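Enquirer: Provided below for reference: sequence and predicted model.
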Amino acid sequence: MSPLELLQAAPPAVRPVVALSEGTDPRVVAGALAAHQAGIADVILIGPQPEVEAALQAEGASAGGGVAIHDPATSGLTEAFAAEYHELRKHKGTDAAKARAAAETPLVYAAMLVRLGHATGTVGGAVHTTGDVVRSAIQVIGMAPDAGMVSSFFLMYPPEGAPEGSRAMLYSDCGLVIDPTPAEMVSIAAASAQSARALLRVDPKLAFLSFSTTGSAKHPAVDKVTQALNLFRAAHPELPADGELQFDAAFVPAVGERKSPGSSVAGQANVMIFPNLDAGNIGYKITQRLGGYSAIGPVLQGLAKPANDLSRGCTAEDVTQIIAVTILQANP
């Protein structure tokens, strides 16, 4: 089931509120309205009020009834947000004037809504870069106490009529961490296992991917993956994990049995841990474009409260699904 379908089947007891920092973008507005009409959330569209109103009018809608507009330049919350931001960042040399200017930017304002309990989570990135979205989230919302780092993943859903054995999977990291160390791969994998439980509703089986399977090749890049696996197994013995595995050995049961006999993960993996961003980003796009899988993400993990990124090439449907993901992260 997609995130939207999961929420419609079992909605949270308390109506979530999701803040969208790019409330003038037509895709964001259409996706937010679809989420609201589906009954999964109330939404806050952030931006200059006349521009947001025009964007809503273009969709045949208006503010009210669970669709709110917040203009940071005129909002009654901005002063409190500026004071909070100043407190957070004064050790970095941010004075009161700079804090006020930051609080009026949509990304910081949206993150403050989440930090101070006015919203369940926030979504941005249709216009802003991933770096801007992540920076604001880390500075304002902060990292989860048990998170070693912030990373990202994509949810991958097979198309109708996919071959037998196709399954929903989680790919990580495909959007943020360029060249993780073995210790960082452990943090990424641990967070990804939690995300798979919350969003795919599966028992995670993790494959640490490489161009080698169980010693078929020798190279420092392979050593990095095997070191990461060993560290992960020591830290999380309760989670099934294997590696180093080539993708076919991780995904196809017959290949997994042949290349890694006796493995409880080979051929059955549903969480794919990539060795670097090159492999992860290329891998998810090949799966999406050639394999026909639906890709939802990049989704951020490791934050104290949910904040998520969008691709600048996103569709309105992508926005709706990321809103659903954000709610599920807040209600695992």
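Expert: Okay, I see it. Numbering: from 1, shown residues only.

Enquirer: element containing the residue with the largest distance to the centre of the chain, please.
Expert: In the chain, counting by CA atoms, centre = their mean, residue 258 sits farthest out from the average C-alpha position, at 34.0 Å. In this structure, residue 258 sits in helix 253-259 according to DSSP states H and E.

Enquirer: circling back: distance check, the residue farthest from the centre of the chain against residue 268.
Expert: 14 Å (CB to CB, to the nearest Å). C-beta: built from backbone N, CA, C; applies to glycine.

Enquirer: Now do the buried residues in the helix holding residue 258.
Expert: 255-256, 259 (16 or more other CB atoms under 10 Å).

Enquirer: Among those residues, find me the one that's closest to residue 218.
Expert: Nearest to residue 218 among the buried residues of helix 253-259 is residue 259, at 16.2 Å by CB to CB.

Enquirer: ok, that closest one - contacts?
Expert: Going by CB atoms under 8 Å, 6 or more residues apart in numbering, residue 259 touches 213-214, 216, 245-246, 248-249, 266.

Enquirer: then the worst-scoring helix or strand of the chain on mean pLDDT to PDB, C-alphas only?
Expert: In the chain, no helix or strand scores lower on mean pLDDT, DSSP states H and E than helix 3-9, which sits at a mean of 88. This file holds the C-alpha atoms of helix 3-9, laid out as PDB (Å, rounded to 0.1, in the frame of the first residue of the first chain):
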ATOM      1  CA  PRO A   3       1.600   6.000   2.100                       C
ATOM      2  CA  LEU A   4      -1.700   7.700   1.100                       C
ATOM      3  CA  GLU A   5      -3.500   4.400   1.200                       C
ATOM      4  CA  LEU A   6      -2.000   3.400   4.600                       C
ATOM      5  CA  LEU A   7      -3.300   6.700   6.000                       C
ATOM      6  CA  GLN A   8      -6.700   6.400   4.500                       C
ATOM      7  CA  ALA A   9      -7.000   2.900   5.900                       C
END
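
Enquirer: got the residue ranges for the strands in the stretch 201-332 of the chain?
Expert: 206-209, 241-245, 271-273, 294-301, 307-309 (DSSP state E, counting those that start in this stretch).

Enquirer: Break down this protein into its helices, ranges please.
Expert: 3-9, 26-37, 49-58, 78-89, 96-103, 106-115, 130-140, 182-199, 220-235, 247-251, 253-259, 277-289, 316-330 (DSSP state H).
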